[in-house]
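**Q** I'd like to go over a predicted model; first the sequence, then the structure.
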Amino acid sequence: MKAFWNERYSETHYVYGKAPNAFFREHIQGIPTGKALFPAEGEGRNAVYAASLGWQVSCFDYSEAGQQKALALASETGVSIDYQVCSLMEFSFPEQAFSLVGLFFAHLPPDERKFLHRQSVKSLRPGGRIILEAFAKAQLGFQSGGPRREDMLYSPEELRNDFPGLKLRLLEEMETTLSEGPYHNGPARVIRMTGEKI
């Protein structure tokens with residue numbers, strides 16, 4: 001998978017665009033700035049947007065090509081982000097360190113997905129927020145992006161079970177139209193979630 005993402009992020013354009021995820025842009029509004037974490041951050045569009053709002057941003061991905069484009073986007077925007085190249089299992093999730101964790105289309109096999117989600121809660125301070133958008137299992141009927149494996153897609157029930165200690169503010173599956181570069185483009189079935197650590 002690392003080779004796949006390095007090849008994709010080596011394309012000259014930003015394959016998911018430079019603009020932040022629309023759901024994220026909407027739901028970060030009004031949250032007091034602090035430290036934010038973006039796992040599986042790819043080319044950095046959400047991390048850079050958060051930094052432009054005054055957040056102190058940490059992120060990681062296992063793609064060196066993604067890191068290079070994220071740092072270039074940060075420089076272009078006039079902000080700085082801490083971007084580590086490492087796998088999910090290599091990243092050291094600090095306990096109660098962040099006020100915000102952003103998870104956007106971070107599709108993983110079930111065991112890794114559960115690990116990421118529980119570590120994300122562990123890394124949140126009490127009162128900290130998670131904002132998440134990902135493809136639902138019904139995305140298999142669409143051609144607008146995402147993995148072609150049902151077990152790497154999401155269901156609301158899986159998300160309820162993945163985030164113990166999180167008070168859900170929003171959890172909905174819906175159809176939307178994506179416009180996030182050539183690989184997230186067109187009608188899609190997504191799940192959107194926000195929650196607060198108890």
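**A** It's in.

**Q** rest of the way, CA atoms for contacts and neighbours
**A** OK.

**Q** Which residues are in contact with P109?
**A** For P109, the contacting residues are D151, M152, by Cα atoms under 8 Å, 6 or more residues apart in numbering.

**Q** With E64 instead?
**A** By Cα under 8 Å, 6+ apart, the contact set of E64 is N6, V85.

**Q** Now do it, the pLDDT please.
**A** If you check E64, the pLDDT there is 96.

**Q** Then A3?
**A** pLDDT recorded at A3 is 87.

**Q** and what of the one 5 residues further on?
**A** Per-residue pLDDT puts R8 at 93.

**Q** Give me the contacts around stretch 43-57.
**A** If you take Cα under 8 Å, 6+ apart as the criterion, stretch 43-57 is touched by 9, 14, 16-21, 24, 33-38, 41, 58-59, 65-71, 73-74, 77-82, 102.

**Q** Tell me the buried residues within the residues you listed.
**A** With neighbours counted by 16 or more other Cα atoms under 10 Å, those contain buried members at 9, 14, 16-21, 24, 33-38, 41, 58-59, 65-71, 73-74, 79-81, 102.

**Q** Just the ones in strands from the residues you listed, please.
**A** K35, A36, L37, F38, S58, C59, G102 (DSSP state E).

**Q** Residues touching stretch 31-39, excluding its own?
**A** The list of residues contacting stretch 31-39 from outside it, by Cα under 8 Å, 6+ apart, reads 46-47, 50, 53-61, 88, 97-103, 106.

**Q** hang on, I meant stretch 148-161
**A** 107-110, 134-137, 139-140, 146-147, 171-173, 191.

**Q** Go through it and flag the buried ones.
**A** Within stretch 148-161, the residues scored as buried using 16+ other Cα under 10 Å are M152, L153, Y154, S155, P156, L159.

**Q** Tell me which two in the residues you listed are the farthest apart.
**A** The most widely separated members of those, counting by Cα to Cα, are M152 and P156 (13.3 Å).

**Q** need the ones in strands among the buried ones among the contacts of stretch 43-57 in TSV with distance to S179, can you?
**A** Listed next are these as TSV, based on distance: Cα to Cα, whole Å:
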residue	distance to S179
K35	28
A36	25
L37	24
F38	21
S58	25
C59	23
G102	19
